[in-house]
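Novice: Okay, predicted coordinates and the sequence, questions at the end:
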Amino acid sequence: MRLTVVGCSGSYPGPDSAASCYLLEAEDGGRTWRILLELGNGALGQLHRYVDPLTVDAVLVSHLHADHCLDLCGYYVMRKYHPTGAQPRIPVWGPAGTADRMALAYGLPLDPGMHEEFDFRVYDGPFRIGPFLITPVPVDHPVDAFGLRVEADGRVIGYSGDTGPCEGLDALAADADLLLAEASFRSQDTNPPHLHLTGTDCGQAATRGGARRLVLTHVPPWFDKQTALEEARAVYDGPLELAAAGAVYEL
């Protein structure tokens, strides 16, 4: 399984990265399967750097904030109007209401909305896409939100989505080969509950769960990313780094 960071900026696109988008690839049945975790602002353009976006097999959206899903609007246009012809429908997994939210974002009537381009599906237990086994895990955020545990080739990636500290985060970190965790907050600040993680929160979850590698992501452009790294390093002694656009992890 290969993870490519397409975008990792927190809350909105930053000077060095688009908003959240992670490409997962694995071989099965004589071909490469590709899924996207998130498709936030600015990510579709950057995706072209790594693969042909028309070769993606499915999109998984953790929640319906713009920095995690808004470039589905551009992807709808690409798949509907591409000069090679309208593309086959692909699954788009997300919380309840994803289809209507995306139709409204593009100013479409709810029927048909984007249903002719995307096969919208609601998280309801584990499911498979080619070689990937995906387990959605409810997490703590002001809207309906999920972390995602992805297994393929005998390896496990835990992705936090956006969340405050919670049991779901611990489940995602448990025995993960790589924990991709958002670090939007700083411990030195007075932070609202039920919203985001600090670097300390990420490191503690990785330690509790025995995650073998920790990658911090979703740091907003207004913060120094090194703060998140230093916080996590103080409580986690495994391999640790900051996500960066273009980084590739082979598991």
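Specialist: Perfect, thanks for sending it. Numbering: from 1, shown residues only.

Novice: Which residue ranges of the stretch 151-251 of the chain form strands?
Specialist: 155-159, 178-182, 214-217, 240-242, 248-250 (DSSP state E, counting those that start in this stretch).

Novice: Point out the most buried one among these.
Specialist: strand 178-182 (a mean of 29; mean count of other C-beta atoms under 10 Å). In short, each C-beta sits where N, CA and C put it, glycine included.

Novice: Could you pull up the residues touching the most centrally placed residue in the chain?
Specialist: Nearest to the geometric centre of the chain sits L37, at 3.7 Å (C-alpha atoms, centre = their mean). Residues in contact with L37 (C-beta atoms under 8 Å, 6 or more residues apart in numbering) are S20, C21, Y22, L24, L60, S62, L148, V150, Y159.

Novice: Could you rerun that using 6 Å?
Specialist: Residues near L37 by C-beta atoms under 6 Å, 6 or more residues apart in numbering: Y22, L60, Y159.

Novice: what stretches of the stretch 51-200 of the chain score poorly on pLDDT?
Specialist: Scanning the stretch 51-200 of the chain for pLDDT under 70 picks out no residues.

Novice: Minimum distance to D119: which of the strands of the stretch 151-251 of the chain has it?
Specialist: With C-beta to C-beta as the measure, strand 155-159 is the member of the strands of the stretch 151-251 of the chain nearest D119 (21.7 Å).

Novice: Identify the residues contacting the closest one?
Specialist: Contacts with strand 155-159, where a contact means C-beta under 6 Å, 6+ apart, come from 1, 37, 147-150, 172-173, 176-180, 251.

Novice: re the thing from before, which of the contacts of L37 lies closest to M114?
Specialist: Of all the contacts of L37, M114 sits closest to L60, with 15.8 Å by C-beta to C-beta.

Novice: Tally up the residues packed near the closest residue to the closest one other than its chain neighbours, please.
Specialist: Take L60 and drop its neighbours on the chain: the residue closest to it by C-beta to C-beta, 6 or more residues apart in numbering is W93, 4.7 Å away. Residues within reach of W93, counting by other C-beta atoms under 10 Å, total 24.

Novice: My guess is W93 contacts D119. True?
Specialist: No: counting by C-beta atoms under 6 Å, W93 stays clear of D119, with 9.4 Å between them.

Novice: For the residue nearest to E231 when sequence neighbours are not counted, give me its contacts.
Specialist: In space, and not counting its chain neighbours, E231 is closest to G199: 3.0 Å by C-beta to C-beta, 6+ apart. Counting by C-beta under 6 Å, 6+ apart, G199 makes contact with A183, A228, E231, A232.

Novice: roughly how far apart are the second one and G199?
Specialist: This points to A228. As judged by C-beta to C-beta, to the nearest Å, A228 and G199 stand 4 Å apart.
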